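[1] Pasting the sequence and the predicted coordinates here, then a few questions.
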Number of protein chains: 2
Amino acid sequence: MNINDLDYFNQLIKQKNFSKVAAAFNVTQPTITMAIKRLEREFNTTLFLRDRVHNELIVTPSGEQLAVHVQTILSELQVAHQELNHLADQHMVLGLPPIIENYYFPKVAAELQRQEILENIQTLAGGSVWLRNALRDGQADVALLGSTEPLAYRTLVAEEFDRQPFNIFVSARHPLATRKRVYFSELKREKFVLFNSSFVHNTAFNKLTRRNHFRPDVVFRATDTHVIMNLVAENVGVTFLTGIVDQHRDDVVRLELLDDEQPAFISSIVTRTSHVLTPMQQRVIQVLRATLEE
Amino acid sequence: MNINDLDYFNQLIKQKNFSKVAAAFNVTQPTITMAIKRLEREFNTTLFLRDRVHNELIVTPSGEQLAVHVQTILSELQVAHQELNHLADQHMVLGLPPIIENYYFPKVAAELQRQEILENIQTLAGGSVWLRNALRDGQADVALLGSTEPLAYRTLVAEEFDRQPFNIFVSARHPLATRKRVYFSELKREKFVLFNSSFVHNTAFNKLTRRNHFRPDVVFRATDTHVIMNLVAENVGVTFLTGIVDQHRDDVVRLELLDDEQPAFISSIVTRTSHVLTPMQQRVIQVLRATLEE
DNA sequence: AGCGACTATCAATATAATTTATATCATCGT
DNA sequence: ACGATGATATAAATTATATTGATAGTCGCT
């Protein structure tokens, strides 16, 4: 059996049209016909019903079932390709969401540099949700991810290294600036400056607004903490961030939340279950652990 | 890329000898050489180091990494083959450990027969541990499994339908027969008649003996409840079983355990995550649910 | 009836895998 | 040092397999 046939099959499941699949792979239409025939013979079953009456291609239960396996086979191959590329180049790709890159990574980088392995690390930036997929697809080998629940995915191994409460940040000129702690419900009338939706902050924030039954007035969304903090300082709105962000400014005040059952910002070191760590990668992970879990 | 090449590669990882792999597949040795070359070109890397000095084949890190993926790919294909076979034959294979077959399945079978789908079900007997692997490898499509902990495996979905405490059964002539409840520690000096090690009962039993710091005197092990019960009735020893076993005899007395934190016999309906249920299979599972979860 | 959108069939051709035969390389025994 | 042995590699010939190009079949639509 040839991987090509699986590729063709996979596309046919999606496109449901032999000719279009052929075009997509730059081969002629009979090629696809033959490929599917080969698979049908190999598995001794019918995978598609060519319904000429309604002019549509119907996937049989066998076809549906095979499609599931073919998917994992193809993605497994894709991951293998990427992993072996990284191995050949002697580098590893470390996924880092901006917040973690800003507030945890400097410490790590210093140690990695001391051990002369920083040069072997390529970082990949992106929101935690996006990075989780990149990790699954083999684009990244290791990632530091934020989440509001402990990460539990089939294909990933996560090791929690920190858990931070979320805080509210307001301008020093804001009425709440004299407080140390607030209930989330006290923020019903506030304007918010927040991260955009690729950040876990939003999951947590949404949980809290839903629990407190209000629709927040979000006046701006950004992807950069400093932009958000500057807006907060200008009293454009208040924000919702972890305590780990920059606190070295006197024009912004941090307030703790008094609510019970607050969501937490959980940071984890995550790898694929299928990933075999090289000695270099093991050292990197050990540095991550040693530096982050303290 | 050809699946054959992956097969050859997989064997070579295990056997570390080109000629032997060739022999195993009934092909000539250059075939293997070429197959590995193709893979090395495809992945643009070296998979094996041919160490002629020490006359051994060394797997490179890339080789190790690829091996992991090749394994899952091949097993995925194997599962696909079996599943499609079952689909074509319009049957499903239901894994049943003997205890569950005896004490839960009769009810289920009656209902399945009423719905005329019993004929489509092939049962596969075996211990819960063995059946778990059979399910993973595609030999079974659905299984009812016993366990002492909730089942949580990457590739399997489990749905608990019952949880039973374990009980002690003694002969009516036994000194403890007048009691209703005992502590497990009171059984230190007893002789035991038990199931053999392919049953989860053992896991639970061992937990209790360890917790109570004693080495049980096991005088006999069997695979059949009735054999065990007959021996207990004859006062050969006492036994440790779930309460669901046959209680319609007056020569044996059931005692509950008074211990805190007792292990439980958890019964679950288990399927593969990758398995697509046909309408027939869905009906079967619905019958299982309806009959068992009540 | 004829056209358009699909899929199947088949002989010819192109591509790829396997075999057969032989070469290379390192080791071991004498 | 020499030849035998066990292992993998190489190259040409052979065999097997995939793809193409041309064409035919089927159905709906107008």
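    That came in fine, so what should we check first? Numbers count the residues shown, from 1 in each chain, chains lettered A, B, ... in the order given.
[2] List the contacts of A:Ser62.
    A:43, A:45-47, B:84, B:87-88 (C-beta atoms under 8 Å, 6 or more residues apart in numbering or on different chains). Bear in mind the C-beta positions are built from the backbone N, C-alpha and C, glycine included.
[3] host element of it?
    Assigned by DSSP states H and E, A:Ser62 belongs to helix A:61-88.
[4] got a list of what A:Val182 touches?
    A:168, A:176, A:255-258.
[5] Repeat that for A:Arg254.
    A:167-169, A:243, A:247.
[6] need the strands for the stretch 51-200 of chain A, in chain order.
    A:56-59, A:92-96, A:121-125, A:142-147, A:156-171, A:181-182, A:191-195 (DSSP state E, counting those that start in this stretch).
[7] distance between the worst-scoring helix or strand of chain A on mean pLDDT and the chain's centre?
    Within chain A, no helix or strand scores below helix A:98-103, which has a mean of 81 by mean pLDDT, DSSP states H and E. From the chain centre to the centre of helix A:98-103 is a distance of 14 Å (C-alpha atoms, centre = their mean, to the nearest Å).
[8] So which other helices or strands are in contact with it?
    With contacts taken as 3 or more C-beta pairs under 8 Å, 6 or more residues apart in numbering or on different chains; DSSP states H and E, helix A:98-103 sits against strand A:121-125, strand A:142-147, helix A:225-233.
[9] Indicate which one of those is closest to A:Phe199.
    strand A:142-147 (7.6 Å; C-beta to C-beta).
[10] hmm, that closest one touching chain B?
    No: using C-beta under 8 Å from any C-beta of the partner chain, strand A:142-147 never reaches chain B; the gap is at least 14.0 Å.
[11] Between strand A:121-125 and that strand, find me the angle.
    30 degrees (axes from the mean of the first three to the mean of the last three C-alpha atoms, to 10 degrees).
[12] mind listing what strand A:142-147 pairs with, with the direction of each?
    Strand pairing for strand A:142-147, using DSSP bridges, gives strand A:92-96 (parallel), strand A:264-272 (antiparallel).
[13] Quickly compare the ones you listed and say which is most buried.
    strand A:92-96 (a mean of 24; mean count of other C-beta atoms under 10 Å in any protein chain shown).
[14] How about A:Gly95, nearest residue that isn't a chain neighbour?
    A:Ala143 (3.1 Å; C-beta to C-beta, 6 or more residues apart in numbering or on different chains).
[15] That neighbour bridge partners, please.
    A:Gly95, A:Val270.
[16] coming back round to it: and the helix holding A:Ser62 with DNA strand C, contact?
    No: contact of helix A:61-88 with DNA strand C (C-beta under 7 Å from any atom of the strand) is absent, the minimum separation being 12.7 Å.
[17] Next up, the contacts around A:Ala109.
    A:Leu118.
[18] Assign A:Asn206 to helix, strand or coil.
    Recorded secondary structure, A:Asn206: helix (DSSP: H, G, I helix; E, B strand; the rest coil).
[19] about what we covered before: closest one to DNA strand D out of the contacts of A:Ser62, please.
    Distances from DNA strand D to the contacts of A:Ser62, taken as C-beta to the nearest atom of the strand, are shortest for A:Phe43 (14.0 Å).
[20] Not counting its neighbours along the chain, what's nearest the closest one?
    That would be B:Leu84: by C-beta to C-beta, 6+ apart, it lies 4.6 Å from A:Phe43.
[21] a markdown table for the strands of the stretch 51-200 of chain A, including distance to A:Ile3 and mean pLDDT?
    Below are those laid out as a markdown table (distance: least, C-beta to C-beta, whole Å; pLDDT from 0 to 100):
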| stretch | distance to A:Ile3 | mean pLDDT |
| --- | --- | --- |
| strand A:56-59 | 20 | 87 |
| strand A:92-96 | 24 | 92 |
| strand A:121-125 | 27 | 89 |
| strand A:142-147 | 28 | 92 |
| strand A:156-171 | 25 | 90 |
| strand A:181-182 | 58 | 92 |
| strand A:191-195 | 41 | 90 |
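[22] how far away is A:Thr242 from chain B?
    30 Å (C-beta to the nearest C-beta, to the nearest Å).
[23] Give the buried residues for the host helix or strand of A:Leu255.
    Using DSSP H and E, A:Leu255 maps to strand A:252-257. If you call a residue buried by 16 or more other C-beta atoms under 10 Å in any protein chain shown, then strand A:252-257 has these buried ones: A:252-253, A:255, A:257.
[24] what's the burial count for the residue in the stretch 51-200 of chain A positioned nearest to DNA strand C?
    Nearest residue of the stretch 51-200 of chain A to DNA strand C: A:Leu57, at 4.6 Å (C-beta to the nearest atom of the strand). A:Leu57: 16 surrounding residues under other C-beta atoms under 10 Å in any protein chain shown.
[25] repeat for the one 4 residues further on
    Other residues within reach of A:Pro61, judged by other C-beta under 10 Å, total 20.
[26] now A:Leu74
    For A:Leu74, using other C-beta under 10 Å, the count is 16.
[27] next one: A:Pro175
    8.
[28] measure it to A:Glu186 for me?
    Plainly put, A:Pro175 is 11 Å away from A:Glu186 if you go by C-beta to C-beta, to the nearest Å.
[29] low-confidence ranges in chain A?
    By pLDDT under 70, the low-scoring segments of chain A are A:52-53, A:246-247, A:294.
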